[in-house]
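Chemist: pasted the sequence and its predicted model underneath.
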There are 2 protein chains.
Amino acid sequence: MNDTAPALGTNTATPAAPRAVSPAPVTHTASKSEQAYAAVKARIVDGSYSPGYRLVLAKIAEDLGVSVVPVREAIRRLEAEGLVKFERNVGATVAGIDPTEYLYTMQTLSIVEGAATALSAPLIGPADVARARAVNAEMRECLEHFDPVRFTRLNQDFHSILFEHCPNPHILDLVHRGWNRLASLRSSTFRFVPRRAHESVDEHEALLRLIESAADADVIEKAARLHRSATLDAYLAQSNAGSVSAR
Amino acid sequence: MNDTAPALGTNTATPAAPRAVSPAPVTHTASKSEQAYAAVKARIVDGSYSPGYRLVLAKIAEDLGVSVVPVREAIRRLEAEGLVKFERNVGATVAGIDPTEYLYTMQTLSIVEGAATALSAPLIGPADVARARAVNAEMRECLEHFDPVRFTRLNQDFHSILFEHCPNPHILDLVHRGWNRLASLRSSTFRFVPRRAHESVDEHEALLRLIESAADADVIEKAARLHRSATLDAYLAQSNAGSVSAR
DNA sequence: GCAATAGTCTTCGTATACGATTTCGTACTC
DNA sequence: GAGTACGAAATCGTATACGAAGACTATTGC
């Protein structure tokens, strides 16, 4: 379907080596619509457009040197993907950080990512495990002088290695969408709950052990799912104790 | 109060989409874009546009009494949903029945529907269970003079009761999308594998028992997932006695 | 001084128009 | 007779234009 492959990337340690499946079929064909989609998506994911940012069609069109029509299409696609919220006769804004939304997204991701990881597991070779372990080592290092943003990026790299082999493209797409949604809110959970970062690294190692030992798909799925929902729980516990709760 | 809508006396050709699996956001304001989206989606889901059908923008626009621009947007949204396939400079076609695609969709659905059902379970009251049981009774009846189409519709109704209470709208949305994709290929699995229908009815009852007894979420999820993947397996076993995995 | 209302201004929604690309048919040549 | 090349028709892609709806502001009345 859609989903231009990158977006998940920015990976320093994992240059998407394993498979040449990477769709770079942009054969001199880049429709304006496509351009607009990619451009806006990139800006959302990289944080240039932060949540709540008002996406004015005419302005974006001008920035990109196109008319509003392709931009509208792009926005529509992003809306369907959940990256943008659209209100009739009012306009589009970058989808928000609403804690409720965060909860939904994390829960959904826990499920689809768990499944994707379990489905990938049999296809993950020793080389992949080694790469993942290297990333995890970096994460552990990163714990010293804790940098939430860097940590989050590494976290993404780590999990990418685990689920990218998923043979079911639909599920993989859902995982990507979930990650993108999270990426749009740059404030990672780890910023709020640094303690969770430590546990996270340990759980990563446990996950790798399971994969190495060719554990049951069920077991891997459950572990991957719990790994994520534990992060969610940590966030919830924190936010309840702390300031903003609201709904 | 608004809605003077002169000149276009012939419009509003779409009176409340014929009960697709997804909710109809029919506020009293229906932009042309919405109309087009609902209309095309309805036609795909109800089979007027069968898989492979070529969706010509101009023709649809004329049928609906609008211009092509709103139709384009609608098509884009349907594309993001996976109901249509779009090729640059060529056009859109209703997404196909490709067995591989079927496999992917069913697998994905088994996962998200399983999760949705498990999350819904605690919110399902005796009244709901009773309704579901009534539907299942109809299905059992339906086994006598087997009618695959009717059976499939009842099957959808049954599962809808089980997952519609899902508190996570994202997951619920994914379930709807999965069902819609399946709906677009009118040939239900049960047409090919009537025997599966019998098992299915029994599994439904088992599922209801689990929900009634407030079984563990894990147990319910696994049961719901297996229920669906068993249907998939039945299809696979039937359709090709040879090439199992089909890449 | 505050609130309600009217007017303006921004921005969206859709129609129409035209250029670009693909596809299909036909004729011509080997 | 078959294959290729040229051309026409169909269809998509995008720009521009105009009407409509919501938001913002200023003015007026209490």
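Modeler: Sure, I can see it. Residues are numbered from 1 along each chain as shown, chains lettered A, B, ... in the order given.
Chemist: what ranges do the helices span in chain A?
Modeler: Taking DSSP state H to define them, one finds helices in chain A at A:32-46, A:57-64, A:68-81, A:99-120, A:126-142, A:148-163, A:169-184, A:189-192, A:194-212, A:217-241.
Chemist: so which of those helices is nearest chain B?
Modeler: Closest of the helices of chain A to chain B is helix A:68-81, at 3.5 Å (criterion: CB to the nearest CB). (C-beta placed from N, C-alpha, C; glycine too.)
Chemist: angle of that closest one against helix B:32-46?
Modeler: Angle, helix A:68-81 to helix B:32-46, by axes from the mean of the first three to the mean of the last three CA atoms, to 10 degrees: 50 degrees.
Chemist: for helix A:68-81, what is the average pLDDT?
Modeler: For helix A:68-81, mean pLDDT is 90.
Chemist: tell me how far it lies from the chain's centre.
Modeler: Here the centre of helix A:68-81 is set off from its chain's centre by 20 Å, with CA atoms, centre = their mean, to the nearest Å.
Chemist: follow-up on the earlier one: turn the helices of chain A into a markdown table, columns for distance to residue B:53.
Modeler: Shown next, in a markdown table, are the helices of chain A (distance: least, CB to CB, whole Å):
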| stretch | distance to residue B:53 |
| --- | --- |
| helix A:32-46 | 23 |
| helix A:57-64 | 31 |
| helix A:68-81 | 21 |
| helix A:99-120 | 30 |
| helix A:126-142 | 42 |
| helix A:148-163 | 34 |
| helix A:169-184 | 22 |
| helix A:189-192 | 45 |
| helix A:194-212 | 43 |
| helix A:217-241 | 38 |
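Chemist: tell me what the helix-or-strand element of chain A with minimal mean pLDDT is packed against?
Modeler: Using mean pLDDT, DSSP states H and E, the weakest-scoring helix or strand in chain A turns out to be helix A:189-192, at a mean of 80. When contacts are defined as 3 or more CB pairs under 8 Å, 6 or more residues apart in numbering or on different chains; DSSP states H and E, helix A:189-192 sits against helix A:148-163, helix A:194-212, helix A:217-241.
Chemist: which outside residues touch stretch A:193-210?
Modeler: Contacts with stretch A:193-210, where a contact means CB atoms under 8 Å, 6 or more residues apart in numbering or on different chains, come from A:117, A:121, A:129, A:132-133, A:136, A:139-140, A:143, A:146, A:148, A:151, A:155, A:158, A:162, A:189-190, A:219-220, A:223-224, A:227, A:230-231, A:234-235, A:237-238.
Chemist: centre of the chain to that stretch, how far?
Modeler: 18 Å.
Chemist: for chain B, what are the nearby residues on chain A?
Modeler: Within chain A, the residues that sit near chain B (CB under 8 Å from any CB of the partner chain) are A:1-2, A:29, A:31, A:69, A:72-73, A:76-77, A:79-82, A:88, A:104-105, A:107-108, A:111-112, A:115, A:168-171, A:174.
Chemist: wait, which of the helices of chain A is closest to DNA strand C?
Modeler: DNA strand C sits nearest to helix A:57-64 of all those, at 3.6 Å, using CB to the nearest atom of the strand.
Chemist: which residues are in contact with the closest one?
Modeler: Contact partners of helix A:57-64, identified using CB under 8 Å, 6+ apart, comprise A:32, A:35-36, A:39-40, A:67-68, A:70-72, A:75, A:91-92.
Chemist: for chain B, see how far away residue A:93 is.
Modeler: Distance of residue A:93 to chain B, given as CB to the nearest CB, to the nearest Å: 18 Å.
Chemist: and that residue, what does it touch?
Modeler: A:51, A:52, A:53, A:54, A:55, A:84, A:85, A:87.
Chemist: nearest to DNA strand D, out of those residues: which one, please.
Modeler: Of all the contacts of residue A:93, DNA strand D sits closest to residue A:87, with 7.7 Å by CB to the nearest atom of the strand.
Chemist: residues near that closest one, how many?
Modeler: 8 (other CB atoms under 10 Å in any protein chain shown).
Chemist: and the gap between it and residue A:157?
Modeler: The gap separating residue A:87 from residue A:157 is 35 Å, by CB to CB, to the nearest Å.
Chemist: ok, residue A:193 next?
Modeler: Distance of residue A:193 to residue A:157, computed by CB to CB: 20 Å.
Chemist: picking that back up, give me the buried subset of the residues of chain A next to chain B.
Modeler: A:2, A:69, A:72-73, A:76-77, A:79-82, A:104-105, A:107-108, A:111-112, A:115, A:168, A:170-171, A:174 (16 or more other CB atoms under 10 Å in any protein chain shown).
Chemist: which of the residues you listed are close to DNA strand C?
Modeler: Residues of these in contact with DNA strand C (CB under 7 Å from any atom of the strand): A:69, A:72.
Chemist: interface residues of chain A facing DNA strand D?
Modeler: A:31-34, A:61, A:65-70, A:73, A:89-90.
Chemist: buried ones only from those residues, please, as a PyMOL command.
Modeler: Remark: buried members of the residues of chain A next to DNA strand D, expressed as a PyMOL selection using 16+ other CB under 10 Å:
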select buried, chain A and resi 32+33+34+61+66+68+69+70+73
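Chemist: tabulate the residues of chain A next to DNA strand D (CSV), appending distance to residue B:44.
Modeler: Converted to CSV, the residues of chain A next to DNA strand D look like this (distance: CB to CB, whole Å):
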residue, distance to residue B:44
A:31, 24
A:32, 27
A:33, 22
A:34, 24
A:61, 31
A:65, 35
A:66, 30
A:67, 29
A:68, 28
A:69, 24
A:70, 25
A:73, 19
A:89, 27
A:90, 29
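Chemist: from the residues of chain A next to DNA strand D, which single one is nearest residue A:214?
Modeler: Distance to residue A:214, by CB to CB, is smallest for residue A:34 among those, at 41.1 Å.
Chemist: what about that closest one, distance to residue A:81?
Modeler: Distance of residue A:34 to residue A:81, computed by CB to CB: 14 Å.
Chemist: same deal with residue A:159?
Modeler: Distance from residue A:159 to residue A:81, counting by CB to CB: 19 Å.
Chemist: and residue A:91, by the same measure?
Modeler: Computed as CB to CB, the residue A:91 to residue A:81 distance reads 17 Å.
Chemist: list the residues that contact the nearest residue to residue A:162 once chain neighbours are set aside.
Modeler: Excluding its sequence neighbours, the residue lying closest to residue A:162 (CB to CB, 6 or more residues apart in numbering or on different chains) is residue A:117, at 5.0 Å. For residue A:117, the contact set (CB under 8 Å, 6+ apart) comprises A:159, A:162, A:163, A:166, A:207, A:220, A:221, A:224.
Chemist: need the contact list for the third one.
Modeler: To tie it back to what came earlier, the one meant is residue A:163. Residue A:163 neighbours (CB under 8 Å, 6+ apart): A:113, A:116, A:117, A:120, A:172, A:175.
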